[in-house]
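Colleague: Got a predicted model here, sequence first, then my questions.
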Amino acid sequence: MIEVPQSAIDLAKRFEGFERKVKRGVEITAIPYICPAGFWTIGYGHLCDPKDPPITEAEAETYLARDLQSALAATLRYCPVLATEPEGRLAAIVDFTFNLGPGRLQASTLRRRINQRGWDSAAQELRRWVYGGGKVLPGLVMRREAEAMLMLDDFRHRF
């Protein structure tokens, strides 16, 4: 069984962060908030209901682990070639799937480029997914660039 690559966990935490901290004694909790794309979110990018109660960082970690496991399963379902590629490539697309959802990967040109092993083309496709709420979001530009570099760095280090 393939595990979620640590670099995918690191990417998700880097770009999602543990936002909206509220002090309650010594416990730090996260409350639901609307992400830049307009979705109710809590912790590390976990979709939620606006009425959900605050969660602890430990609960956020649990949600993140489940969400990334789900993203990994979808990534391998739609891009089975990644099972035999360097970990960075898998991590980049797991993060993409976690961030945008499996439906976006399934219907994308990115998926086709990955399954053709067209890594430079796949990196270019990643860089196109930078819109949220109809506008270019600087955080998504940085995230897609990090994913593209992770995908290409592993390839370049093999030779």
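Modeller: Received, thanks.

Colleague: contacting residues around the residue nearest in space to the middle of the chain?
Modeller: Closest to where the C-alpha atoms of the chain average out (CA atoms, centre = their mean) is residue 95, at 2.6 Å. The contact partners of residue 95, by CB atoms under 8 Å, 6 or more residues apart in numbering, come to 8, 11-12, 15, 71, 143, 147. All C-beta spots, glycine's among them, are computed from the backbone N, C-alpha and C.

Colleague: Could you rerun that using 7 Å?
Modeller: 8, 11-12, 147 (CB atoms under 7 Å, 6 or more residues apart in numbering).

Colleague: just the helices in the protein please.
Modeller: 6-16, 57-78, 87-100, 102-106, 109-115, 119-126, 138-157 (DSSP state H).

Colleague: can I get those in JSON lines with mean pLDDT and distance to residue 39?
Modeller: As requested, those are exported to JSON lines (pLDDT from 0 to 100; distance: least, CB to CB, whole Å):
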{"stretch": "helix 6-16", "mean pLDDT": "90", "distance to residue 39": "12"}
{"stretch": "helix 57-78", "mean pLDDT": "96", "distance to residue 39": "13"}
{"stretch": "helix 87-100", "mean pLDDT": "96", "distance to residue 39": "11"}
{"stretch": "helix 102-106", "mean pLDDT": "97", "distance to residue 39": "13"}
{"stretch": "helix 109-115", "mean pLDDT": "98", "distance to residue 39": "21"}
{"stretch": "helix 119-126", "mean pLDDT": "97", "distance to residue 39": "20"}
{"stretch": "helix 138-157", "mean pLDDT": "86", "distance to residue 39": "13"}
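
Colleague: so of those, which one's packed in deepest?
Modeller: helix 87-100 (a mean of 26; mean count of other CB atoms under 10 Å).

Colleague: Report the distance from that one to the chain centre.
Modeller: Distance, stretch centre to chain centre, for helix 87-100: 6 Å (CA atoms, centre = their mean, to the nearest Å).

Colleague: picking that back up, so which of the helices of the chain is nearest residue 36?
Modeller: helix 138-157 (6.7 Å; CB to CB).
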